[in-house]
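>>> here are the coordinates; sequence isn't available:
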């Protein structure tokens, strides 16, 4: 059984901003795919899957049920991804002049994915309210290191039929310590296009992914 991803990320009982970010990062199946690619020495595929995780863990696509409650600077939330057992932690480093957030995913085999994002403010446009967040990520698996950075803008888009929707768009630059380089592009429809080296672009869709409904633990604020 599956549910809308944003219903998992924004549960009926309410959630904080950090709790939302942690659940937003519960897509660690992509890091499992990266690990499997590395086991086959497929570093291009590993970079691709790590970049998909970077993008999907930064965004939501679906109904915006409500606005999460704000945390205080210094607060930390940790929760295990019930699908993989990965432990995800997010910390609100500061709130002024911008919201600075750091996070880390630790996989069962001790691989790590670390990231930071800065919510620089809110822009108002014809398509809705935008929240640009410059971000940097690093995925470390043994001797393999992938570095990813770029700008992802989350957007609240009003809709007469489905109420307010949340979506995102932007780009990420990709590189690893095997000499692979590339770029990821994300559009408002939730489509990802990833081009690494001179290979044909790979495509994925974020908006069509549904969360698998399963038992999960409650967020634990520090």
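Right, received. Where do you want to start? Since the structure is predicted, the reported quantities are computational estimates derived from the model, not experimental observations.
>>> From now on I want contacts and neighbour counts done on CA atoms only, so please keep to that.
Noted.
>>> So residue 34: helix, strand or coil?
Following DSSP: H, G, I helix; E, B strand; the rest coil, we place residue 34 in the helix state.
>>> measure it to residue 199 for me?
Using CA to CA, to the nearest Å, one gets 18 Å for the distance from residue 34 to residue 199.
>>> Which one's more surrounded, those two?
residue 34 (25 against 10; other CA atoms under 10 Å).
>>> For the more buried one, which non-adjacent residue is spatially closest?
Closest residue to residue 34 apart from its sequence neighbours, by CA to CA, 6 or more residues apart in numbering: residue 46 at 4.2 Å.
>>> Distance from the strand or helix carrying residue 167 to the middle of the chain?
Residue 167 belongs to strand 165-176 when assigned by DSSP states H and E. Taking CA atoms, centre = their mean, to the nearest Å, the mean C-alpha location of strand 165-176 is offset from the chain mean by 9 Å.
>>> what does stretch 103-116 give?
Chain-centre distance of stretch 103-116: 12 Å, with CA atoms, centre = their mean.
>>> Make 590 the starting number, not 1.
From this message on, residue numbering opens at 590, which makes the last subject stretch 692-705.
>>> What lies in contact with the strand holding residue 756?
Residues from elsewhere that reach strand 754-765 (CA atoms under 8 Å, 6 or more residues apart in numbering): 636, 640, 644, 648-653, 733-748, 769-779, 785.
>>> Rounded mean pLDDT for it, please.
For strand 754-765, the mean pLDDT works out to 96.
>>> okay, the angle between the helix or strand following that strand and strand 754-765?
Next in sequence after strand 754-765, counting helices and strands by DSSP H and E, comes strand 770-775. With axes from the mean of the first three to the mean of the last three CA atoms, to 10 degrees as the basis, strand 770-775 and strand 754-765 are set at 180 degrees to each other.
>>> Am I right that the residue nearest to residue 623 sits in a strand?
No. Membership of residue 635 in a strand is not supported by three-state DSSP, which gives helix.
>>> That one: neighbour count?
28.
>>> list the contacts for it?
622, 623, 624, 625, 626, 627.
>>> Report the buried members of these.
Burial by neighbour count, judged by 16 or more other CA atoms under 10 Å, picks out 622, 623, 624, 626, 627 from these.
>>> Okay, residue 654 and residue 797: tell me how far apart.
18 Å.
>>> ditto for residue 609
19 Å.
>>> higher neighbour count, these two?
residue 609 (24 against 13).
>>> Got the phi and psi for that one?
phi -60, psi -40 (degrees, to the nearest 10).
>>> is it true that it touches residue 600?
No. Using CA atoms under 8 Å, residue 609 is not in contact with residue 600; the gap is 9.0 Å.
>>> if we can go back for a sec, in its sheet, which strands sit next to the strand holding residue 756, and in what direction?
strand 651-652 (antiparallel), strand 733-746 (antiparallel), strand 770-775 (antiparallel) (DSSP bridges).
>>> which of those has the lowest average pLDDT?
strand 651-652 - the lowest mean pLDDT of the strands paired with strand 754-765, at a mean of 91.
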